[in-house]
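S.K.: Have a look at this prediction, sequence included:
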Amino acid sequence: GEDVEQSLFLSVREGDSSVINCTYTDSSSTYLYWYKQEPGAGLQLLTYIFSNMDMKQDQRLTVLLNKKDKHLSLRIADTQTGDSAIYFCAERYGGSQGNLIFGKGTKLSVKP
Amino acid sequence: NAGVTQTPKFQVLKTGQSMTLQCAQDMNHEYMSWYRQDPGMGLRLIHYSVGAGITDQGEVPNGYNVSRSTTEDFPLRLLSAAPSQTSVYFCASSSSRGLGYTFGSGTRLTVV
């Protein structure tokens, strides 16, 4: 069945770039998403990319999509302590229901 | 403020009790979903709806019921609570255009 894989932890120093990686299995995915979850809070949509795009940039965030390898990455430039959170990759898989499959989340820790 | 509203934020139940988690959205979204989040498991889909009067099962539907009598509301019912249902529950909604789901702030449920 469909699956989304992410590494569980990433630690960076403040000011460095962070790269969070994700692989997915459903080649018919239409949209791919990155969500951010801060402690005790719900999920906040950070950005999304349509499956026919290779790259999307939004201020400090850059999303790269390699559809051939089914690999998605989120790069956060100039990472700040406020970026410490869990980041979820999700795919909207094929079909009219529009459901999302989530990875288990990558916990980003930013050290001052 | 527009968005997804979940109530209650916290709940403690005894094994065997029933209760309803409320979810309401005011964005006129067609799609609504319930997810549960458990440590190390990411988010798993419980039930979803693509419009009023239409519901379907997700990945982990057992022990839960839903209904969608209006576009705005999508309550989740626990029929007979079990300790395995201790979790954080998130409701989410989306338009059919797929531009990302909006999540509520979650209900933290403990079953003792």
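M.R.: Noted; the coordinates are in hand. Residues are numbered from 1 along each chain as shown, chains lettered A, B, ... in the order given.

S.K.: Could you say which helix or strand holds the residue nearest the centre of chain B?
M.R.: Central residue of chain B (C-alpha atoms, centre = their mean): residue B:34, 3.1 Å from the mean position. Using DSSP states H and E, residue B:34 sits in strand B:31-38.

S.K.: which stretches of chain A form helices?
M.R.: For chain A, applying DSSP state H gives no helices.

S.K.: residues in it within reach of chain B, list them.
M.R.: Contact residues (C-beta under 8 Å from any C-beta of the partner chain) of chain A with chain B: A:30-31, A:33, A:35, A:41-45, A:48, A:88, A:92, A:96-105. Yep, even glycine has a C-beta here, placed from its N, CA and C like the rest.

S.K.: Of those, just the buried ones, ChimeraX syntax please.
M.R.: To isolate the buried members of the residues of chain A next to chain B in ChimeraX, using 16 or more other C-beta atoms under 10 Å in any protein chain shown:
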select /A:31,33,35,42,43,45,48,88,92,97,98,99,100,101,102,103,104,105
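
S.K.: so of the residues of chain A next to chain B, which ones are in strands?
M.R.: Mapping the residues of chain A next to chain B onto strands (DSSP state E) picks out A:31, A:33, A:35, A:43-45, A:48, A:88, A:92, A:100-102.

S.K.: Not including adjacent chain positions, what is the nearest residue to residue 92?
M.R.: In the absence of a named chain, this looks at chain A. residue A:31 (4.4 Å; C-beta to C-beta, 6 or more residues apart in numbering or on different chains).

S.K.: hm, I was asking about chain B
M.R.: Excluding the flanking residues, the one nearest residue B:92 by C-beta to C-beta, 6+ apart is residue B:101, at 4.1 Å.

S.K.: ok, now residue A:93?
M.R.: Nearest residue to residue A:93, sequence neighbours excluded (C-beta to C-beta, 6+ apart): residue A:26, at 4.4 Å.

S.K.: how close does the one you found sit to residue A:4?
M.R.: Separation of residue A:26 from residue A:4 (C-beta to C-beta, to the nearest Å) stands at 9 Å.

S.K.: and if you look at residue A:83?
M.R.: Counting by C-beta to C-beta, the gap from residue A:83 to residue A:4 is 21 Å.

S.K.: now do residue A:18
M.R.: Counting by C-beta to C-beta, the separation of residue A:18 from residue A:4 is 19 Å.

S.K.: Give me the more crowded residue out of the two.
M.R.: residue A:4 (24 against 21; other C-beta atoms under 10 Å in any protein chain shown).

S.K.: pretty sure that one contacts residue A:102?
M.R.: Yes: counting by C-beta atoms under 8 Å, residue A:102 is a contact partner of residue A:4 at 6.3 Å.

S.K.: which residues do these two both contact?
M.R.: Common neighbours of residue A:4 and residue A:102, counting by C-beta atoms under 8 Å, 6 or more residues apart in numbering or on different chains, are A:89-90.
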